[in-house]
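Peer 1: let's see this in three dimensions:
(chains A and B)
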Amino acid sequence: GNSVTQMEGPVTLSEEAFLTINCTYTATGYPSLFWYVQYPGEGLQLLLKATKADDKGSNKGFEATYRKETTSFHLEKGSVQVSDSAVYFCALRRGSARQLTFGSGTQLTVLP
Amino acid sequence: ETGVTQSPTHLIKTRGQQVTLRCSSQSGHNTVSWYQQALGQGPQFIFQYYREEENGRGNFPPRFSGLQFPNYSSELNVNALELDDSALYLCASSPPGTDNTEAFFGQGTRLTVV
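Peer 2: Numbering: from 1, shown residues only, chains lettered A, B, ... in the order given. Model prediction:
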């Protein structure tokens, strides 16, 4: 079946540090890949997505590249801000089905 | 345009009771999915409704059931509540289109079973 594995958290960084959150997946075929962000007390917001191999999704300074050969979709940001503190979820959706399979989430805390 | 709205925001129920959670999908969206997010975990897919029919189900027992109405709003019903049903329940709606379309999430309903 489909599955998503995220790096263990929590992650604590100082403001302006470089961020990487690892995500690998298992799925047959060519799933679409997503990063969602969840701020405290809120639902999920789509951060970025990629729908085919070698696509790069980007938004708000965050980037992730769909790597078919390593089945990975690592999230990166060059300089994090305190406002980036949240839980980040990697997810996949395979084929025409609309349901998402999520990883367990990574809590990011950015200190001033 | 209004986004996905869920009600109530918080709910406390007793073990064995039944609960109904509600979701209004975003305008123009005809697909609604429900997810259960236990504390510290990622959301788990419960089921999905498309044009008032169940269109996919995750690994949840039959006491989790749902409905979608002609206006595409939806309900999640859980019978015989158990303590482990305590979680954040998220509704997501999607517009018509290909598998590249985005799912828009509501704020969730926090259910506590005591």
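Peer 1: up against chain A, what does chain B have?
Peer 2: Where chain B comes near chain A, counting by C-beta under 8 Å from any C-beta of the partner chain, the residues are B:4, B:31, B:33, B:35, B:40-45, B:48, B:50, B:55-56, B:58, B:90, B:92, B:94, B:98-108. From N, CA and C alone the C-beta is placed, and that goes for glycine too.
Peer 1: could you point out which element follows the strand or helix carrying B:Asn77?
Peer 2: Under the criterion of DSSP states H and E, B:Asn77 resides in strand B:74-78. Sequence-wise, the next helix or strand downstream of strand B:74-78 (DSSP H and E) is strand B:87-94.
Peer 1: from chain A, which residue is nearest to chain B?
Peer 2: For chain A and chain B, the shortest gap (C-beta to the nearest C-beta) falls at A:Phe102, measuring 3.5 Å.
Peer 1: look up the pLDDT of that residue for me, please.
Peer 2: Looking at A:Phe102, its pLDDT reads 96.
Peer 1: same check on A:Ser96?
Peer 2: pLDDT, A:Ser96: 61.
Peer 1: now swap in A:Gly29 and tell me
Peer 2: Among the per-residue scores, A:Gly29 shows a pLDDT of 82.
Peer 1: swap in B:Phe64?
Peer 2: B:Phe64 is given a pLDDT of 98.
Peer 1: correct me, but it touches B:Phe47?
Peer 2: Yes - with contact defined as C-beta atoms under 8 Å, B:Phe64 reaches B:Phe47; the gap is 7.3 Å.
Peer 1: on that earlier part again, whichever of the residues of chain B next to chain A end up buried, select them in PyMOL.
Peer 2: Selection command for PyMOL covering only the buried members of the residues of chain B next to chain A, criterion 16 or more other C-beta atoms under 10 Å in any protein chain shown:
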select buried, chain B and resi 4+31+33+35+42+43+44+45+48+50+55+58+90+92+94+103+104+105+106+107+108
